[in-house]
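**Q** Let's see this in three dimensions:
(2 chains)
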Amino acid sequence: MSRIKGVFDSLRAGGRKALVPYITAGDPHPKHTVALMHALVKGGADVIEVGVPFSDPMADGPVIQLACERALVHGTSLWQVLEMVAEFRTTNNTTPVVLMGYLNPIEARGFEAFAKRAGQAGVDGVLVVDLAVEEAPEIAPIFRAAGLDCIFLLAPTSSAARIAAIAEQASGYLYYVSLKGVTGAATLDIGSVEAKLAEIRQHTKLPVAVGFGIRDAESAAKVGRVADAVVVGSALVSQIEKHQNEPAVLPGLLTQQLGAIRAALDKL
Amino acid sequence: MSNQNLPDARGHFGPYGGRFVAETLMEPLRQLEEAYNRLKTDSAFRAELDRDLAYYVGRPSPLYPAERLTKIWGGAQIYLKREDLNHTGAHKINNTVGQALLAKHLGKTRIIAETGAGQHGVASATVAARLGLKCVVFMGSDDIERQSPNVYRMKLLGAEVRPVTSGTRTLKDAMNEALRDWVTNVDDTFYIIGTVAGPHPYPMLVRDFNAVVGREVIKQSQDLFGRLPDALVACVGGGSNAIGLFHPLLSYPSVKMYGVEAGGLGIATGQHAAPLSAGKPGVLHGNRTYIMEDENGQILGTHSISAGLDYPGVGPEHSWLKDSGRVSYVSVTDDEALAAFHELTRIEGIIPALESAHAVAYGKKLAPQMRRDEAMVINISGRGDKDIFTIAKREGIELLK
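**A** Below you'll find the predicted structure:
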């Protein structure tokens, strides 16, 4: 059984919600990423999404765009990100790690080579933002063969036919984008999220995570009431941006920030 | 499958093209494709488009026999397709008129566009003004600086020009920002992409709206010299003017085609914008195509004297036409383009856009290799008024204090 399925099964058995933080690998510097991942676990992360920086992150808002730029200034590459995950795995063999990013850095290295190395490094799933389900049939099987879950996005604009097609190819969990917009956007309409999740659940038994627009304990609790998992990204990355020149304080701050969200979710 | 039947149902040109965007845009793209497929055969829509092309754009544009250039270059008979004479001064209006009609039929009230040289931005602002639609144009802050006349023109037309300061602050970043805006405002907004790139159906519909250029050349060649041309030459950034000229003639094997990329300071220097000449296949802006990237798959910065060619990708159909060998892709340097700019201006009294000057520069190389009874058509995709500040500055002349 995949680490992701294991985590969601046991959370479901305990009636708890998954907390899924996102950080961009290599931000503020590649040497800090592994420590930040451990800090997220300490703060209550059930799954960690690690962003693979890309020069043209067209689905991301300004916060994660800048994180990519900071990471790329130090030359953070896909292979380096896998080395970070492997290092994380030397002391943590339980928390699932999902790589999130864009297709081109993976395609440039070759899908087979990437899948093999990612599996060996201890990656559990891959979420390629610009890999729509129509283009996935040539690529997703390569990932799955290496034991990687393929996580797909669903959006407010996804039709019933699309939801069904995506649910069929997905494994691990589904990631519902809570709003029409880019990462870090401000407006979250919980009523429409709830309605769409009900529609999605008619097509799948996979856990559904909700992301985009969740910035604190309050918004996380709202989403946690209706979703299986809550993704927090830009709010954490903003903290990293703010303290990029004092990296020593970052692990403590991230643990604290995520811990507050964890506490709110556990009260549900 | 023959070249002219592409893309396939999934928007692929062989291994290229497709639809690589975040999920939020997939359904809007499908709706756009469906609307376009319905309207393109709708006689009322066709009539409205033809009327706009004739009475607003000013089509057909002339196919001009350049007799002095022909004599000086000493080879093929040179004909210039005068897209620079269109309303707004470039081929870009062919596409924006078409897409604006689509926007109208889809009931959208707001138009967004990306622009490099500003020609597509001006063409978008123009059709938005005419239809009374709100218009926001995304433009890299570096491009805003080197294309200030077009920035002012867009503002006069009532458009908001939004500077893009992320990444390399040029066309690719403007396109990222336009996609981000579209994903946020997808309900009321129509994104007019200015080139044959982006996710399916854009490469197809931008091509179709520009193909009027090649269709006219077929007819005008018959009228002028009684047969089809032997060679077509057009500059390629994203490649919309080139595909517009080439596409209707692809099925005539006697017609050789040359797409001219921006060689910048020279391909060997790495300072260029020539993905077909020196790049490799990858995924950028929603399609798989030749791109300029480093070994880690990060998109590289580009260089060209011409803002309109300064793009690290190219339309996916061009990638297919390169691999299939149907079109030859070559490059000329900044200096060669600049020399051609001056030569065309002085010899024929036509000031070409710096983009189009790349095609002229290659035409000059090709002409002497052709016989005097052969005919070459060079696409003058736009006029050069917008570039006079860039050129004056480069030549040490201060135009305005």
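
**Q** Of all the residues in the stretch 1-150 of chain A, which one is nearest chain B?
**A** A:A108 (3.0 Å; C-beta to the nearest C-beta). Quick note: C-beta positions are derived from backbone N, CA and C, even for glycine.

**Q** Could you say which helix or strand holds the closest residue to that residue other than its chain neighbours?
**A** Spatial nearest neighbour of A:A108, chain neighbours left out: B:G297 (3.0 Å); criterion: C-beta to C-beta, 6 or more residues apart in numbering or on different chains. Under the criterion of DSSP states H and E, B:G297 resides outside all helices and strands.

**Q** Which residue would you name as the spatial centre of the chain?
**A** Chain wasn't specified; assuming chain A. With distances taken as C-alpha atoms, centre = their mean, A:E49 lies nearest the centre of chain A, 3.3 Å away.

**Q** Chain B is the one I meant
**A** B:S240 (3.3 Å).

**Q** and the gap between the nearest residue to A:F111 once chain neighbours are set aside and A:V126?
**A** Spatial nearest neighbour of A:F111, excluding adjacent residues (C-beta to C-beta, 6+ apart): A:I142 at 4.7 Å. Shown here: A:I142 relative to A:V126, a distance of 10 Å by C-beta to C-beta, to the nearest Å.

**Q** Those two: who's more crowded?
**A** Neighbours per residue (other C-beta atoms under 10 Å in any protein chain shown) separate A:I142 from A:V126, with A:V126 holding more: 25 against 17.

**Q** Give the pairing partners of the helix or strand in which the more buried one is found; include direction for each.
**A** Using DSSP H and E, A:V126 maps to strand A:125-128. Here strand A:125-128 has these sheet partners by DSSP bridges: strand A:97-101 (parallel), strand A:149-150 (parallel).

**Q** tell me which strands and helices the helix or strand just after the first one is in contact with?
**A** Which is strand A:97-101. Next in sequence after strand A:97-101, counting helices and strands by DSSP H and E, comes helix A:103-109. Using 3 or more C-beta pairs under 8 Å, 6 or more residues apart in numbering or on different chains; DSSP states H and E, the elements in contact with helix A:103-109 are helix A:78-89, strand A:125-128, strand B:280-284.

**Q** which residues touch helix A:103-109?
**A** For helix A:103-109, the external contacting residues (C-beta atoms under 8 Å, 6 or more residues apart in numbering or on different chains) are A:52, A:54, A:56, A:77-79, A:114, A:126, A:128, A:130-131, B:20, B:282-284, B:291, B:293, B:295-299.

**Q** How far away from the center of its chain is that helix?
**A** Taking C-alpha atoms, centre = their mean, to the nearest Å, the mean C-alpha location of helix A:103-109 is offset from the chain mean by 18 Å.

**Q** So for it, mean pLDDT?
**A** Per-residue pLDDT over helix A:103-109 has a mean of 98.

**Q** Also stretch B:151-159?
**A** For stretch B:151-159, the mean confidence score works out to 97.

**Q** which parts of it are buried?
**A** Using 16 or more other C-beta atoms under 10 Å in any protein chain shown as the test for burial, stretch B:151-159 gives B:V151, B:R153, B:M154, B:L157, B:A159.

**Q** Can you verify the first one is assigned to a strand?
**A** It stands for B:V151. No. Under DSSP: H, G, I helix; E, B strand; the rest coil, B:V151 falls outside any strand and is assigned helix.

**Q** With just CA atoms, put the lengthiest strand in chain A into PDB.
**A** Ranked by residue count under DSSP state E, the longest strand found in chain A is strand A:18-24. What follows is strand A:18-24, C-alpha atoms only, in PDB (Å, rounded to 0.1, in the frame of the first residue of the first chain):
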ATOM      1  CA  ALA A  18      -5.300  15.700   6.700                       C
ATOM      2  CA  LEU A  19      -3.100  18.800   6.800                       C
ATOM      3  CA  VAL A  20      -1.100  19.200   3.600                       C
ATOM      4  CA  PRO A  21       1.500  22.000   3.600                       C
ATOM      5  CA  TYR A  22       3.300  23.200   0.500                       C
ATOM      6  CA  ILE A  23       6.700  24.800   0.300                       C
ATOM      7  CA  THR A  24       8.900  25.400  -2.800                       C
END
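
**Q** What is it packed up against?
**A** helix A:3-13, helix A:33-42, strand A:48-51, helix A:62-73, strand A:208-211, strand A:229-232, helix A:234-242, helix A:250-266.

**Q** OK, contacts around the residue found closest to A:L72 once you drop the neighbours it is linked to in the chain?
**A** Nearest residue to A:L72, sequence neighbours excluded (C-beta to C-beta, 6+ apart): A:P53, at 5.2 Å. A:P53 is in contact with A:T24, A:A25, A:G26, A:D27, A:A67, A:C68, A:A71, A:L72, A:T76, A:G101, counting by C-beta under 8 Å, 6+ apart.
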